[in-house]
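1. Sequence below, structure please.
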Amino acid sequence: MKVKVLSRNPDDYVRETKLDIQRVPRNYDPTLHPFEVCREYTRALNATKLERVFAKPFVASLDGHRDGVNCMAKHPKSLSTFLSGACDGEVKVWNLPKRECLYTFQAHEGFVRGITVRFCGTSFFTVGDDKTIKQWKMEVPGYGEAVEPLSTVLGKTVFTGLDHHHRDGLFATCGQQVDIWDEQRSSPIRSFSWGVDSFSSVRFNKVQTELLASCASDRSIVLYDMREAAPLKKVIMTMVSNTLCWNPMEAYHFTSCNEDYNLYTYDMRNLHKPLMVHEDHVSAVLDVDYSPTGAEFASASFDKTIRIFPKNEGHSREVYHTQRMQHAISIKWSADNRYILSGSDEMNIRLWKANASEKLGVLPPRERDVTNYRKKLTEKFKHFPQIRRIAHHRHLPKAIYNQAKELKEMKAARRRKERNIRLHSKPGTIPILSEKQKHTVSVVS
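-> Purely as a prediction, here's the structure:
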């Protein structure tokens with residue numbers, strides 16, 4: 001004879017408290033809860049308001065530089081190590097958890113134009129206005145030990161950008177041309193030029209590591225393959241791009257920051273128009289860096305703000321600013337996807353939370369469950385007008401608010417003028433161009 005026995009786990013019925021309070025089973029049949037949607041909407045509205053109340057993104061500042069912070073670099077193996085270079089030629093190595101400088105040394109005469117860490121993290125390279133490339137060891141020097149470069153290469157012209165290969169002992173510099181260097185040699189193993197006066201930045205692809213891209217002074221973005229003898233493609237835009245960053249999760253996508261206040265995400269397989277135009281800044285965008293997940297990127301601008309953009313949206317989800325922060329020159333997203341570091345003109349490095357309302361530290365299980373529940377509710381009701389208004393509202397400095405309002409009026413006037421010209425012209429003579437098509441002049445292969 002077969003006997004069936006009911007078996008129940010007591011953990012399913014006892015709450016996570018010291019008292020033996022019995023958990024009440026609940027029937028989720030919607031017919032039994034006619035007011036559930038109303039209750040969830042109210043909870044979502046309260047969760048959205050609380051998120052804005054607790055949105056305090058600023059974490060700390062790293063003081064110590066005596067001039068503007070011109071460039072920064074992350075350590076590929078250590079979350080706590082961070083490097084920065086200033087306009088007076090000084091380089092600092094920081095310990096982020098302790099918020100203190102490990103050591104400082106004079107690396108160059110004049111600006112430090114670029115700084116990058118070797119893929120294994122044992123050393124790093126710097127370039128400056130004194131036409132030199134220097135390699136330094138990452139270890140903290142001993143007491144009384146002078147900081148001397150491991151190697152020095154003297155170039156013919158000023159170097160304006162630097163980036164290291166993500167797998168091999170190679171690095172790239174840019175100036176009057178783009179050079180590929182081997183760490184063991186004092187002369188470049190390959191040079192690329194395409195009728196351009198100078199280049200402002202160069203970046204290796206993090207997935208397809210043989211690919212790299214650079215921003216040139218003739219308003220172009222040039223793509224290269226180290227296995228080829230000549231550059232691959234060049235896209236010419238209406239204004240100059242300052243720098244770019246490859247998406248770490250999508251090998252063929254990159255985002256460039258431009259002097260026309262916008263950022264442009266391109267697919268290198270089709271450069272005739274960008275995938276997305278990211279607006280909101282009211283001055284030139286100077287630097288951009290992707291998050292490790294590739295879903296978002298942060299930008300630093302001359303308008304004294306930094307913004308966080310989702311990769312598939314045209315407007316920013318966050319804008320960070322302080323009363324004392326001046327022109328933001330450089331920006332980096334930490335490798336754990338939780339923090340953003342920005343360097344600005346007034347000699348300061350600031351540490352921000354990537355999620356402004358995130359609570360730092362270890363959360364108890366019940367608090368973590370409540371946080372996840374609120375996040376799901378706000379995501380469910382995010383398109384409701386009142387919730388959308390509260391979630392998108394940001395307080396801006398008066399100057400930026402007025403300038404954004406003026407830019408909006410200027411764009412509306414241009415659209416109105418174009419519409420009137422088309423209305424009084426022969427049909428077909430004035431083509432209708434989308435916002436994505438307006439900023440790309442030509443593509444040269």
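
2. ok, longest helix in this protein?
-> Counting residues, the longest helix found in the chain (DSSP state H) is helix 398-423.

3. Now do the buried residues in it.
-> Ile400, Gln403, Ala404 (16 or more other CB atoms under 10 Å). (C-beta placed from N, C-alpha, C; glycine too.)

4. Show me which of those residues is closest to Tyr41.
-> Ala404 (31.1 Å; CB to CB).

5. Distance of the closest one relative to Ile306?
-> From Ala404 across to Ile306, the span is 15 Å (CB to CB, to the nearest Å).

6. cool, Ala230 as well?
-> 37 Å.

7. ok, the two, which is more surrounded?
-> Ile306 (26 against 9; other CB atoms under 10 Å).

8. I'd say the more buried one and Trp352 touch.
-> Yes - assessed by CB atoms under 8 Å, Ile306 is found in contact with Trp352 at 7.4 Å.

9. where do the contact lists of those two overlap?
-> Counting by CB atoms under 8 Å, 6 or more residues apart in numbering, the shared contacts of Ile306 and Trp352 are Tyr320, Ile340, Ser342.

10. ok, and the closest non-adjacent residue to the first one?
-> The shortest distance from Tyr320 to any residue other than its chain neighbours is 4.9 Å, reached at Ile306 (CB to CB, 6 or more residues apart in numbering).

11. Go ahead and confirm Ser198 touches Gly161.
-> No - using CB under 8 Å, Ser198 makes no contact with Gly161, being 10.1 Å away.

12. and for the two, which residues touch both?
-> Gly175.

13. Of the two, which one has the most company?
-> Gly161 (22 against 14).

14. who does Val69 bridge with?
-> Counting by DSSP bridges, Val69 forms beta bridges with Ala86.

15. Pull the contacting residues for it.
-> Counted by CB under 8 Å, 6+ apart, Val69 has contacts Ser84, Gly85, Ala86, Cys87, Ile329, Ser330, Gly343, Ser344, Met347, Asn348, Ile349.

16. any idea how far the helix or strand following the longest helix of the chain is from the chain center?
-> Remark: after helix 398-423, the chain's next helix or strand is strand 440-444, criterion DSSP states H and E. Centroid separation for strand 440-444 versus its chain: 25 Å, with CA atoms, centre = their mean, to the nearest Å.

17. which parts of strand 440-444 are buried?
-> Quick answer for strand 440-444 (16+ other CB under 10 Å): Thr440.

18. Ok, stretch 73-84 next?
-> Ala73, Lys74, His75, Thr81, Phe82, Leu83, Ser84.

19. Please determine how far Ser220 is located from Val370.
-> 51 Å.

20. Comparing those two, which residue is more hemmed in?
-> Ser220 (23 against 13).

21. Would you list the phi and psi of that one?
-> phi -110, psi 160 (degrees, to the nearest 10).

22. pLDDT weak spots in this protein?
-> 13-24 (pLDDT under 70).

23. rerun that using 90 as the cut-off
-> Applying pLDDT under 90 to the chain flags the ranges 1-30, 140-147, 186, 193-197, 229, 361, 427-441, 445.

24. Just the helices from it, written as ranges.
-> Using DSSP H, helices in the chain cover 36-53, 365-380, 385-392, 398-423.

25. got the CA positions of the first one in CSV?
-> What follows is helix 36-53, C-alpha atoms only, in CSV (Å, rounded to 0.1, in the frame of the first residue of the first chain):
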residue,chain,number,x,y,z
GLU,A,36,-4.0,46.2,-5.9
VAL,A,37,-3.1,48.5,-8.9
CYS,A,38,-4.1,51.6,-6.9
ARG,A,39,-2.0,50.6,-4.0
GLU,A,40,1.0,49.7,-6.2
TYR,A,41,0.7,53.1,-7.9
THR,A,42,0.7,54.9,-4.6
ARG,A,43,3.7,52.9,-3.5
ALA,A,44,5.5,53.6,-6.8
LEU,A,45,4.8,57.4,-6.4
ASN,A,46,6.2,57.4,-2.8
ALA,A,47,9.2,55.3,-3.9
THR,A,48,10.0,57.9,-6.7
LYS,A,49,9.7,60.8,-4.3
LEU,A,50,12.0,59.0,-1.7
GLU,A,51,14.5,58.3,-4.4
ARG,A,52,14.8,62.0,-5.2
VAL,A,53,15.0,62.8,-1.5
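
26. Can you get me a residue count around Tyr229?
-> Not Tyr; residue 229 is Ala. 7.

27. residue contacts, it?
-> No contacts exist for Ala229 under CB under 8 Å, 6+ apart.

28. separation between it and Arg190?
-> In terms of CB to CB, Ala229 sits 8 Å off from Arg190.

29. Kindly report the same for Thr104.
-> 34 Å.

30. do Asp218 as well
-> 21 Å.

31. got it, and Glu367?
-> Counting by CB to CB, the gap from Glu367 to Arg190 is 55 Å.

32. which one of those two has more residues nearby?
-> Arg190 (16 against 11).
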